[in-house]
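[1] Sharing a model prediction with you, sequence too.
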Amino acid sequence: MLVVLLPALILQSIDTRFGAALAVQCVVVVHAGGGLTRVLTDASVRLVAFGFWLFAYVWLGLAPLAMLATNSYPLEYRTGETTAFAAATLTELGLLAYSAGAALSAGRNGGSSVVFAPLLSRRLSPLPVLLLCGLSLALAVVLIPGQEGGLRAFFTSRQALWQSRAEADATHALRIWALAVPAFWALAALVQLPRPPQRGRLLRAIHWAVLPSLLVLNVIVNNPISRPRFWAGTVLLVLLFSWRRFSTPRAFRVAAAAITAVVLFAFPYSDYFRYDEREAVQVVPLAEQFSTSMDYDAFQQMQTGIDYVQENGFSPSAVLGLILFMVPRSMWPEKPQATGIELAQYAGYEFHNLSAPLWIESYLWGGAPCVVAVFCLLGAAGRRMDDVRERLRHRRRTLAVLLVPAFAFYQLIFLRGSLMAIVGPLLLLLTVPLLITSRAAGPSRSPAPGRQPKTTSHALIPGHRRHS
């Protein structure tokens with residue numbers, strides 16, 4: 001269905017314009033659709049792979065297919081057939097590198113990892129979790145009333161939050177993320193918090209006393225009305241997939257198929273709350289949605305980036321901007337801008353809040369070799385994380401239960417870019433869990449995924465023969 005039926009429906013519903021770029025894009029759709037199909041039918045739970053292939057299939061597979069077939073794009077900037085062919089080829093190059101990295105990682109050491117295994121085996125610690133809960137509630141008491149518009153701004157629209165300067169100013173944006181991310185982790189960790197027998201009654205009382213307040217806080221600061229849809233979805237899906245019932249392969253396949261359907265057919269209409277003045281929802285064909293909605297600007301931004309490199313050359317200094325993202329622009333006037341903004345200015349757009357997929361980000365750093373290196377490492381890391389989580393699936397309260405789903409679904413924001421805009425929230429997302437966990441008591445002895453545990457042979461009793 002993903003490889004043949006949906007692409008055929010898109011091409012059948014429009015007047016197709018065939019060309020070399022469209023032919024390469026068909027290869028991309030088959031590759032990404034095949035990868036997503038393998039994840040949806042796998043015998044193990046592969047959350048990180050699911051997030052990657054879902055983004056690749058929808059945003060860089062089906063959407064560009066509709067654009068190239070109709071020569072219709074959501075933004076004004078136009079490129080030639082050569083640039084479109086280069087963008088489709090660059091997409092496929094990244095997919096090949098990702099597949100190679102994942103395959104090489106799966107074939108080494110039975111899928112074990114000296115980096116991710118100790119990290120993801122860390123266990124939640126009651127005291128740090130409770131301190132985080134208290135800190136999150138204290139931050140809410142201080143920051144929410146002090147924001148212009150107060151509590152109401154969180155339930156009006158994202159535009160209202162921009163007008164309150166919470167999103168428009170970098171410092172204020174960081175304050176909102178510093179409120180949203182700890183609140184999310186506090187709730188997720190509290191739900192999974194172990195209750196030792198000797199302190200079970202006390203922890204249970206604290207749990208039920210704090211849980212309602214954290215639920216309300218997350219509804220305020222992590223709702224889809226005022227927060228980005230990708231982030232609100234990440235919060236909801238992490239809570240869902242950290243639930244024991246959704247840790248089985250069968251439950252994962254059903255949930256992942258449902259998520260795929262929602263992303264394909266309902267995601268564009270979830271933009272309803274972005275602006276104060278809301279228009280009536282108009283349902284349009286899938287091909288038209290892909291070729292007209294700015295939600296799917298990723299492929300067009302890749303084309304813009306390729307033209308940008310041809311005119312201005314590569315920008316390796318952009319990597320330094322990511323590493324030193326916390327340095328204020330007042331102290332570093334030449335600090336690189338977010339790639340999405342840079343490309344928007346190059347194309348002459350007045351609206352700068354555009355994406356810059358990891359494909360074009362890494363290409364701007366140093367060309368095709370950088371793309372291969374980045375996606376090979378990403379594929380290897382993703383496969384290791386999925387394998388470690390699968391081995392620890394029955395060990396509740398480990399970091400793998402929470403951190404792997406968080407990275408898997410935040411990965412859609414990471415892949416969409418710009419990296420400069422999301423590196424701060426990503427750092428918060430990955431470091432806060434380390435502060436509320438402690439090192440596991442001993443090494444994991446769980447069998448590798450897909451392997452049966454070794455059975456101990458029984459010793460022969462003297463005087464008896466082994467029967468075959």
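    Looks like it arrived, so ask away.

[2] use CA for all of it now, contacts and neighbours both
    OK.

[3] Quick check on Val216: phi, psi?
    Backbone torsions of Val216, given as degrees, to the nearest 10, read phi -60, psi -40.

[4] What's the local residue count around it?
    Neighbour count of Val216, defined by other C-alpha atoms under 10 Å: 11.

[5] Look up how far Ala183 lies from it.
    Distance, Val216 to Ala183, by C-alpha to C-alpha, to the nearest Å: 10 Å.

[6] Could you double-check that Tyr73 lies in contact with Met67?
    Yes. Assessed by C-alpha atoms under 8 Å, Tyr73 is found in contact with Met67 at 5.7 Å.

[7] Mutual contacts of the two, please.
    Contact criterion C-alpha atoms under 8 Å, 6 or more residues apart in numbering; residues shared by Tyr73 and Met67: Ser291.

[8] by contact count, what packs against the longest helix along the chain?
    Longest helix in the chain by number of residues (criterion: DSSP state H): helix 81-106. Using 3 or more C-alpha pairs under 8 Å, 6 or more residues apart in numbering; DSSP states H and E, the elements in contact with helix 81-106 are helix 20-41, helix 298-312, helix 358-366, helix 368-391.

[9] Dump those helices into TSV; add mean neighbour count, mean pLDDT and distance to Val327 as well.
    Compiled in TSV, the helices and strands packed on helix 81-106 are given as follows (neighbours: other C-alpha atoms under 10 Å; pLDDT from 0 to 100; distance: least, C-alpha to C-alpha, whole Å):
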stretch	mean neighbour count	mean pLDDT	distance to Val327
helix 20-41	21	94	38
helix 298-312	21	93	25
helix 358-366	24	94	20
helix 368-391	22	93	24
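
[10] Export those helices as JSON lines, with columns for distance to Ser242.
    Below are the helices and strands packed on helix 81-106 laid out as JSON lines (distance: least, C-alpha to C-alpha, whole Å):
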{"stretch": "helix 20-41", "distance to Ser242": "18"}
{"stretch": "helix 298-312", "distance to Ser242": "30"}
{"stretch": "helix 358-366", "distance to Ser242": "27"}
{"stretch": "helix 368-391", "distance to Ser242": "11"}
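
[11] centre of the chain versus the helix or strand hosting Val141, how much separation?
    Per DSSP states H and E, Val141 falls inside helix 126-146. Remark: helix 126-146 is offset 25 Å from the chain centroid, using C-alpha atoms, centre = their mean, to the nearest Å.

[12] Disregarding flanking residues, what is the spatial nearest neighbour of Gly321?
    Leaving aside its sequence neighbours, Gly321 sits nearest to Pro336 (C-alpha to C-alpha, 6 or more residues apart in numbering; 5.6 Å).

[13] In a strand, that neighbour, correct?
    No. Read with DSSP: H, G, I helix; E, B strand; the rest coil, Pro336 is coil and lies in no strand.

[14] mind listing what it touches?
    Residues in contact with Pro336 (C-alpha under 8 Å, 6+ apart) are 317-318, 321.

[15] Where helices are concerned, which of those count?
    Using DSSP H, the subset of the contacts of Pro336 located in helices is 317-318, 321.

[16] so can I have TSV of those residues showing pLDDT?
    Shown next, in TSV, are these (pLDDT from 0 to 100):
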residue	pLDDT
Ser317	85
Ala318	87
Gly321	85
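
[17] and which of those residues is nearest to Ala347?
    Among those, Ala318 lies closest to Ala347 (C-alpha to C-alpha), at 18.7 Å.

[18] So which elements touch the helix or strand harbouring Gln411?
    Secondary structure assignment for Gln411, by DSSP H and E: helix 399-416. If you count contacts as 3+ C-alpha pairs under 8 Å, 6+ apart, helix 399-416 packs onto helix 47-57, helix 116-120, helix 229-241, helix 358-366, helix 368-391, helix 419-435.

[19] now with 7 Å?
    In terms of contacts (3 or more C-alpha pairs under 7 Å, 6 or more residues apart in numbering; DSSP states H and E), helix 399-416 is packed against helix 47-57, helix 229-241, helix 368-391.

[20] pLDDT weak spots in the chain?
    For the chain, applying pLDDT under 70 flags the ranges 13-14, 107-112, 146-150, 157-172, 194-200, 270-281, 441-468.

[21] If we use 50, what do you get?
    Under the criterion pLDDT under 50, the flagged ranges of the chain are 163-168, 443-468.

[22] ok, for Thr437, nearest residue in space, not its chain neighbours?
    Leu124 (4.3 Å).

[23] who's in contact with that neighbour?
    Leu124 sits next to 193, 397-399, 436-438 when contact means C-alpha atoms under 7 Å, 6 or more residues apart in numbering.

[24] so can I have JSON lines of those residues showing distance to Leu11 and neighbour count?
    Converted to JSON lines, the contacts of Leu124 look like this (distance: C-alpha to C-alpha, whole Å; neighbours: other C-alpha atoms under 10 Å):
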{"residue": "Leu193", "distance to Leu11": "50", "neighbour count": "21"}
{"residue": "Arg397", "distance to Leu11": "47", "neighbour count": "23"}
{"residue": "Thr398", "distance to Leu11": "46", "neighbour count": "27"}
{"residue": "Leu399", "distance to Leu11": "44", "neighbour count": "26"}
{"residue": "Ile436", "distance to Leu11": "50", "neighbour count": "22"}
{"residue": "Thr437", "distance to Leu11": "50", "neighbour count": "23"}
{"residue": "Ser438", "distance to Leu11": "53", "neighbour count": "18"}
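
[25] which one of those is nearest Phe55?
    Taking C-alpha to C-alpha as the measure, Leu399 is the one of these closest to Phe55, at 24.6 Å.

[26] Look up how far Ala188 lies from that closest one.
    Taking C-alpha to C-alpha, one finds Leu399 at 11 Å from Ala188.

[27] what does Trp231 give?
    15 Å.

[28] what do you get for Glu76?
    Glu76 sits 42 Å away from Ala188, going by C-alpha to C-alpha.

[29] if we can go back for a sec, using TSV, please lay out the helices and strands packed on helix 399-416 together with distance to Trp332.
    Shown next, in TSV, are the helices and strands packed on helix 399-416 (distance: least, C-alpha to C-alpha, whole Å):
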stretch	distance to Trp332
helix 47-57	34
helix 229-241	29
helix 368-391	26
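
[30] Of the ones you listed, which is nearest Ala209?
    Checking the helices and strands packed on helix 399-416 against Ala209 by C-alpha to C-alpha gives helix 229-241 as the closest, at 19.3 Å.

[31] Report the next helix or strand after that closest one in sequence order.
    Next element after helix 229-241 (DSSP H and E): helix 249-265.

[32] Show the secondary-structure elements that that next one is packed against.
    helix 20-41.

[33] counting contacts, what elements does the helix it packs on pack onto?
    Partner elements for helix 20-41 (3+ C-alpha pairs under 7 Å, 6+ apart): helix 47-57, helix 63-70, helix 81-106, helix 249-265.

[34] how about the ones you listed in CSV, adding distance to Val374?
    Supplementary listing: the helices and strands packed on helix 20-41 in CSV, determined by distance: least, C-alpha to C-alpha, whole Å:
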stretch, distance to Val374
helix 47-57, 14
helix 63-70, 22
helix 81-106, 8
helix 249-265, 25
